[in-house]
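Engineer: curious how this folds, go ahead:
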Amino acid sequence: GIVRAVWMTVDEVRATAGCASAMITLQGHVWVARNNDDLAPDLWGYAATKEVAGRIPTLTFGMEGDVFSGTGINRERLWLHYHYLPTSEQPPSVPTLPCYVWLVEALETCRTLGDLESLLAGTPRDGAMLLFAVDGKCDEPALFDCQPASHRTLSGDAGYLVGANHVPGALVPEEDDPLSSVRRYERMETRVQALVPGRSHRHSTAAVDLIPILADDGIER
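Structural biologist: Reported below is the predicted structural model:
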């Protein structure tokens with residue numbers, strides 16, 4: 001319990017994060033590539049199944065023994081994961097959920113992207129997140145800029161969506177860090193674009209091509 005409390009304190013005060021992700025449509029199916037390089041990535045190697053009476057069964061990914069998580073999928077084939085997002089918006093003066101608790105609530109109660117947007121509108125968070133979602137029933141991806149009490153859908157009509165730890169297209173300060181959010185985003189976009197049908201003559205094998213992108217020295221923290 002003490003170790004977990006210390007971990008959560010560090011999580012609350014950290015100033016940087018290192019996630020990078022992409023969703024890309026290949027051969028009619030959406031594939032998700034997701035790095036979780038936050039704090040101690042070697043600890044994030046566990047999967048947990050959970051089935052609560054009256055709720056949708058879930059499979060989540062995180063640390064050993066985790067009840068809540070930032071990554072998962074449910075039996076309705078709704079995939080969700082989020083990245084830490086800096087924000088200047090203050091949480092509303094009503095009860096809120098931490099993002100990692102909110103995400104599990106979403107997995108256990110949402111069947112579609114429409115359900116997800118309803119939950120975003122009705123249940124505020126204590127921070128901001130860049131939320132990646134795929135409805136696997138119809139291969140429909142969506143990317144949301146989620147502030148504590150508001151959200152908006154980020155568009156992408158090029159066959160892919162990419163994100164790091166800032167809102168794509170937003171102005172952010174220049175950073176010297178070669179693995180800053182902006183530089184990781186740019187490198188990820190360049191690599192993913194090469195897989196989009198019509199941009200390359202090479203046949204993409206989906207997961208096999210996405211794995212080395214996540215391990216790119218300009219992307220992986």
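
Engineer: please count neighbours and contacts with C-alpha atoms only from this point.
Structural biologist: Fine.

Engineer: centroid residue for this structure?
Structural biologist: Tyr82 (2.7 Å; Cα atoms, centre = their mean).

Engineer: right, and His166 touches Val182 too?
Structural biologist: Yes. Using Cα atoms under 8 Å, His166 is in contact with Val182, at 7.4 Å.

Engineer: list residues touching both of those two?
Structural biologist: Val172 (Cα atoms under 8 Å, 6 or more residues apart in numbering).

Engineer: higher neighbour count, those two?
Structural biologist: A direct count of neighbours by other Cα atoms under 10 Å for His166 and Val182 places Val182 higher, at 24 against 21.

Engineer: any idea how far Ala142 is from the closest residue to Arg55 other than its chain neighbours?
Structural biologist: Spatially, and ignoring its direct neighbours in sequence, Arg55 is nearest to Glu108 (5.3 Å; Cα to Cα, 6 or more residues apart in numbering). Using Cα to Cα, to the nearest Å, Glu108 is found at 18 Å from Ala142.

Engineer: please apply the same query to Leu43.
Structural biologist: Distance from Leu43 to Ala142, by Cα to Cα: 28 Å.

Engineer: which one of those two has more residues nearby?
Structural biologist: Neighbour count, other Cα under 10 Å: between Leu43 and Ala142, Ala142 has more, with 18 against 11.

Engineer: using CSV, list the CA coordinates for the helix or strand encompassing that one.
Structural biologist: Ala142 is part of strand 140-147, with elements assigned from DSSP states H and E. Extracted in CSV, the C-alpha atoms of strand 140-147 (Å, rounded to 0.1, in the frame of the first residue of the first chain):
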residue,chain,number,x,y,z
GLU,A,140,-14.2,3.0,-36.7
PRO,A,141,-11.4,5.0,-35.0
ALA,A,142,-11.8,8.3,-33.1
LEU,A,143,-9.3,10.6,-31.3
PHE,A,144,-10.5,13.0,-28.6
ASP,A,145,-9.0,16.0,-27.0
CYS,A,146,-10.5,15.6,-23.5
GLN,A,147,-10.2,18.5,-21.0
